[in-house]
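**Student:** Predicted model and sequence follow; I will ask about them next.
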Amino acid sequence: MGDECPHPVLAARHIKEFCGGNVEIDIAIKDMLDTVSQSWEVFHIIVNPVPYQQVVATWSDLLGIRALRLEDPDLLAEVILSAIRVNEGETADVVAADWDGNTALVIRNAVSALEIKVGSTNNAVVRM
C-alpha cells in the first residue's frame with residue numbers, strides 16, 4: 001500500500017533486512033514482482049497518489065488490474081477483504097452489494113476490474 005511509485009531497483013541489503021534470506025545482488029522491482037507472483041497473489045493498493053508522479057500508471061504497468069485505487073483510506077480493511085473475495089471467485093457486484101452506501105461505491109470502484117480467478121489454490125496472505 002502506498003501513494004508513491006516503487007523504486008525501480010531493490011537493494012540487496014534492504015531485501016535482506018526486511019525479508020530475510022541470502023540475497024547477493026540488487027533486484028529490479030519487475031523481476032521481484034514476477035518472482036513472488038509465482039507463489040503469492042500480489043496486489044498494491046494506491047492511496048491518494050502524489051500528483052507529481054505517475055503512480056497509477058507505474059503500478060498498473062507492474063501489476064495490471066492488481067493495482068487497486070483506494071478512494072477512502074478509512075476503508076482499507078474493507079477493500080482488502082473485498083479484493084480477496086473477488087480473487088477467490090465472487091463477482092465485484094456481489095461483493096460490493098454486501099456493503100452499504102458510500103462503502104459499496106468505494107469497494108465497487110476498487111475491485112471492479114479484478115478478474116475472477118475461480119479455483120485459486122493460494123489462500124495465504126503475506127506482509128511485505
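**Tutor:** On my side now, so go ahead.
**Student:** Phi first, then psi, for the residue most central in space within the chain.
**Tutor:** In the chain, the residue lying closest to the centroid (Cα atoms, centre = their mean) is residue 43, at 1.8 Å. The phi/psi pair for residue 43 (degrees, to the nearest 10) reads phi -130, psi 160.
**Student:** any idea how far residue 103 is from it?
**Tutor:** Computed with Cβ to Cβ, to the nearest Å, the distance linking residue 43 and residue 103 is 19 Å. No exception for glycine: its C-beta is placed from N, CA and C like everyone else's.
**Student:** do the same with residue 51
**Tutor:** 26 Å.
**Student:** Of these two, which one has the most company?
**Tutor:** residue 103 (17 against 6; other Cβ atoms under 10 Å).
**Student:** Wait, a helix at the more buried one?
**Tutor:** Yes. Secondary structure of residue 103 (DSSP: H, G, I helix; E, B strand; the rest coil): part of a helix.
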